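Q: Just a sequence and a predicted model for now, questions to come.
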Amino acid sequence: MAIIHDDIGRRRFLSQAVMGFGLLFGLGTLLLRFVQFLVPSPGAKQYVAVLIGSEAAFPVGAAVPMDLGGHKIMVLRTDEDVVAFSRRCTDLGCLVSWNKEREEFLCPCHQGVFDKTGRNIAGPPPRPLDRFEIVKRGEQLYVNIQSQAG
Ligand code: FES
């Protein structure tokens, strides 16, 4: 009688131990994923400053198209500042071009229009053009682009 009772107790203990390890493993995995969500990995977003030339190389009122590491951008110099926009229309991704007379970016696909600040003002684009940060070091201008590794 005592032997049977010990055998049942051992089975119950083993069963609970296996369930306990499974529960701990599941909770540990959830905790790990939660911490990964809160703390981005170091290589998540890395930016590289790419030299685009001296400020004087960009005439006021003109927008210069460039391809920087696969990013198609447009560098626009206004009376106030130099700004860089993605040429990808925020509707379906066609390449916008600059119209100097209208001072607007025009999308040829569905007649989307963006003003000189990149704001969507007509047509189907749902949001402004994406902007790239420009850094001035002396007379030289750099555009911060996300590196391919990031
Ligand atoms: S893709 Fe530019 S307006 Fe549709």
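A: Cool, the structure landed.
Q: contacts and neighbour counts: CA atoms only from here.
A: Fine.
Q: Tell me where the model's unsure across the chain.
A: 1-5, 40-44, 148-150 (pLDDT under 70).
Q: Go again with 80.
A: Along the chain, the parts satisfying pLDDT under 80 run over 1-8, 36-37, 39-45, 147-150.
Q: So what's the residue count around Val39?
A: Per other C-alpha atoms under 10 Å, the neighbour tally for Val39 reads 9.
Q: all strands for the protein, in order.
A: Using DSSP state E, the strands of the chain run over residues 47-54, 63-68, 71-77, 82-86, 97-99, 104-106, 113-115, 120-122, 131-132, 134-137, 140-146.
Q: would you turn those into TSV with mean neighbour count?
A: As requested, the strands of the chain are exported to TSV (neighbours: other C-alpha atoms under 10 Å):
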stretch	mean neighbour count
strand 47-54	14
strand 63-68	17
strand 71-77	20
strand 82-86	22
strand 97-99	19
strand 104-106	23
strand 113-115	22
strand 120-122	17
strand 131-132	17
strand 134-137	15
strand 140-146	18
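Q: Using JSON lines, lay out those strands together with distance to the ligand.
A: Conversion of the strands of the chain to JSON lines gives the following (distance: least, C-alpha to the nearest ligand atom, whole Å):
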{"stretch": "strand 47-54", "distance to the ligand": "26"}
{"stretch": "strand 63-68", "distance to the ligand": "17"}
{"stretch": "strand 71-77", "distance to the ligand": "15"}
{"stretch": "strand 82-86", "distance to the ligand": "12"}
{"stretch": "strand 97-99", "distance to the ligand": "11"}
{"stretch": "strand 104-106", "distance to the ligand": "8"}
{"stretch": "strand 113-115", "distance to the ligand": "7"}
{"stretch": "strand 120-122", "distance to the ligand": "9"}
{"stretch": "strand 131-132", "distance to the ligand": "16"}
{"stretch": "strand 134-137", "distance to the ligand": "24"}
{"stretch": "strand 140-146", "distance to the ligand": "22"}
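Q: Domain parsing of this structure, as residue ranges.
A: With automatic domain parsing as the criterion, the domains of the chain are listed as 1-39, 47-146.
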